[in-house]
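Chemist: sharing a sequence plus its predicted fold:
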Amino acid sequence: MADSANVVRWVLALGGKFLRIVPGTTTIVIAATLVSQLAMLLAYLLPLKVLILLGSDGVPSYFPDFLASFDHRTLVVALGTAAGVCYLLHLLAERIIDAGSDQGAKRLLAHGRKMILFEDQDEIAARSYRRYAHALACGVFVLLAFGLLIWVYPRLAMFAVTYILVAILFFVLGNRWSASLAARLRNPRKPVFAASGLGFLCAFVWMVADFLGDTPPAFFSALIGLLLCRQLFSRTADAAVEITNLYAQRVNLNALFFHRQVLLRTPEEIAGIWALFVPERRTEWVVPVVSELAEIPASATVETRWQQTGIRNVLALEVGTEPEEPSRWLLRLYDASCSSQAINAATLLGAMPAGVLPTPVFLGATTVDDFHCHAFRWSGLERIPPAEVGAAVSNIMKRMLEVEPPPDLVARYGRSHPYLWQRLDRSLFTRLLLVAEGAEQRKQIGDLDASWDEICRVLQMLPLVLINPELNAETLRYEGEGEPVAVHWGRWSLDPLGTGWSTQAKQLDELSACLEQASTRAHRAALSDVSPAHARLAACVHAMEQLLARQQYVQALQLIPRLLGELDSQRSPVSELATA
């Protein structure tokens, strides 16, 4: 209840700020929002009345008396026209709301006389200003609708207000005592609108029961009352969601609108995935997960130790039994924002045979409180010294050249993601021409454009290899006798051989040497037909893609001569392969 009081105080303070600084604009926006809501309601309601009239010979007896004096045809035309006018009035009110919100937000920001606090602050201010006006207009609408409902159908009005009070009490107490409900209320739209829909259903059932009683209401009063009740619940839900979303951004809004408030971030509560790593809670989920995936007794006592992943919102624990056993495990948990990475990694690790990928033994995947969890065997793994990271990355990439992706995995990837030759098209030459200086660079761009189809054919003929773009000191470990392994595979991809290699001369020479060695081992037959020049071409094209994505156009122009040189070095083999 104290939290609810804080919300009310903050909402009143924000509204007072708006009314003091921009009273006219705020009043206009609130009035326009109310008009928009009423006009939209009538625009939906009046066509129903027209359909009722069209299905009857005259004006039904339950229509208001003042409508009975009109001719049937005249009434149909008048109500249909009124519906169109109401919709146009709704559109006009929305335009006024947009213009007023922008103007009001700008005046509020100008009054604060502050520096730029964060990106898109003007849009955030205008959107928040409109949300507040919408919430306040919903409140006014609810009061008007409730007053009209008391006049039309008092018993339904008492039921509606009772249900709203019970729903508010349920959410307040549930947020305090139920962790699952509190988690759902962090995004309040679904639960609040579900409560709104349930309220309307309960109101309908209550009204039917009232009709079956001894003193049923008038039909027209019941119809109007039911429509008002629907809008009453809907607008209450709208106001609750808007205020909750505004309060969630109060740190930013306080800094934007309140003169003496600065942008000061408050420490976040330990919630969500982080709550699972509180020392007292670890055993609750670690033992069941390890018991499920590593087949240890459910009664085992374990010790845990934090492991840094180097990946945002991916957390890990090293787990071992007490007393310490030679075998240990690594549990990696993925926050909801990283769920796609968790699914990608599980898809790859589950599809590859054991021992093929340079990675610790993957035991399986499960979920902990709706968070994805991966388990690995973690015996004898050591961090790689910074001076040895470069060599470890090269080692991993060499070994991945010989990994043959399973056909099913290739098919699934091809149906979901574009390959390197599909991600780039001729539109890239437009910006390069804007940056190019001199006739020589423009000629090189023209030569690249003319050769682009040939380059794409070369890339398509190359065998596909697995690419892991996140190989660094945090995601690599030494296993066994100094063999490096990669722990994180959340952003793996399949691309033509050579993708991901550096375009430095030393690295390209190393790529050529790796191909020659791999072709003699016969681990992967497809490597024996690959020309080193084609692999180097793929490396250059991928580097071009990365430079263009970072808008490093000068470096991209400098790379074009090397790319064309790799293409020219073995044009004959390209032609022969294309013909074949």
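Modeler: That came through, no problem. Numbers count the residues shown, from 1 in each chain.
Chemist: isn't there a strand covering residue 99?
Modeler: No. According to DSSP: H, G, I helix; E, B strand; the rest coil, residue 99 belongs to no strand; its state is helix.
Chemist: burial measure for it, as a count.
Modeler: Residue 99 has 14 neighbours, counted by other C-beta atoms under 10 Å. C-beta coordinates here come from the backbone N, C-alpha and C atoms, glycine included.
Chemist: likewise the one 10 residues further on?
Modeler: Other residues within reach of residue 109, judged by other C-beta under 10 Å, total 19.
Chemist: what's near enough to touch it?
Modeler: By C-beta atoms under 8 Å, 6 or more residues apart in numbering, the contact set of residue 109 is 121-122, 125, 256.
Chemist: which ones among those residues map onto helices?
Modeler: Here DSSP state H is the test, and these give 121-122, 125, 256 as lying in helices.
Chemist: please, where are all the strands along the chain?
Modeler: For the chain, the strands defined by DSSP state E occupy 302-307, 314-321, 329-334, 362-368, 371-377, 382-383, 464-467, 476-479, 483-486, 493-496.
Chemist: what's the first one packed up against?
Modeler: Which is strand 302-307. In terms of contacts (3 or more C-beta pairs under 8 Å, 6 or more residues apart in numbering; DSSP states H and E), strand 302-307 is packed against helix 279-294, strand 314-321.
Chemist: deepest-packed of the ones you listed, please.
Modeler: Highest mean neighbour count of the helices and strands packed on strand 302-307: strand 314-321, a mean of 21 (counted as mean count of other C-beta atoms under 10 Å).
Chemist: that one pairs with which strands, and in what direction?
Modeler: Its sheet considered, strand 314-321 pairs with strand 302-307 (antiparallel), strand 329-334 (antiparallel) by DSSP bridges.
Chemist: figure out which of those strands is closest to residue 565.
Modeler: Closest approach to residue 565 among those (C-beta to C-beta): strand 329-334, 42.9 Å.
Chemist: give me the contacts around the closest one.
Modeler: 273, 276, 286, 289-290, 293-294, 307, 309, 313-320, 341-342, 360, 363, 368, 371-378, 381, 487, 490.
Chemist: output that strand as PDB, restricted to C-alpha atoms.
Modeler: What follows is strand 329-334, C-alpha atoms only, in PDB (Å, rounded to 0.1, in the frame of the first residue of the first chain):
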ATOM      1  CA  TRP A 329      30.100 -28.900 -14.200                       C
ATOM      2  CA  LEU A 330      29.400 -25.500 -15.700                       C
ATOM      3  CA  LEU A 331      25.800 -24.100 -15.600                       C
ATOM      4  CA  ARG A 332      25.100 -21.200 -17.900                       C
ATOM      5  CA  LEU A 333      21.800 -19.300 -17.500                       C
ATOM      6  CA  TYR A 334      20.400 -16.900 -20.100                       C
END
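Chemist: what angle do it and strand 371-377 make?
Modeler: Using axes from the mean of the first three to the mean of the last three C-alpha atoms, to 10 degrees, the inter-axis angle of strand 329-334 relative to strand 371-377 is 160 degrees.
Chemist: what's the local residue count around residue 397?
Modeler: With other C-beta under 10 Å as criterion, residue 397 counts 22.
Chemist: point out where the stretch 351-500 of the chain drops to low pLDDT.
Modeler: Across the stretch 351-500 of the chain, the ranges flagged by pLDDT under 70 are 480-481.
Chemist: go again with 80.
Modeler: Residues of the stretch 351-500 of the chain meeting the criterion pLDDT under 80: 379-381, 425-428, 480-482.
Chemist: ok, back up a step: and the strands paired with strand 314-321: which comes nearest residue 356?
Modeler: Among the strands paired with strand 314-321, the nearest to residue 356 by C-beta to C-beta is strand 329-334 (19.1 Å).
Chemist: now do the closest one: distance to the chain's middle.
Modeler: How far strand 329-334 lies from its chain's middle: 23 Å, per C-alpha atoms, centre = their mean, to the nearest Å.
Chemist: could you do stretch 385-393 as well?
Modeler: The chain centre lies 34 Å from the centre of stretch 385-393; the measure is C-alpha atoms, centre = their mean.
Chemist: got the contact list for it?
Modeler: 384, 471-473, 476, 478, 484.
Chemist: and that stretch, what's buried?
Modeler: Applying a neighbour-count criterion of 16 or more other C-beta atoms under 10 Å, one finds 388-389, 392-393 buried in stretch 385-393.
Chemist: any idea how far the closest residue in space to residue 340 that isn't next to it in sequence lies from residue 342?
Modeler: Leaving aside its sequence neighbours, residue 340 sits nearest to residue 490 (C-beta to C-beta, 6 or more residues apart in numbering; 7.9 Å). According to C-beta to C-beta, to the nearest Å, residue 490 stands 7 Å off from residue 342.
Chemist: now residue 373: how far from residue 345?
Modeler: From residue 373 to residue 345 the distance is 11 Å (C-beta to C-beta).
Chemist: ok, residue 472 next?
Modeler: Using C-beta to C-beta, residue 472 is found at 16 Å from residue 345.
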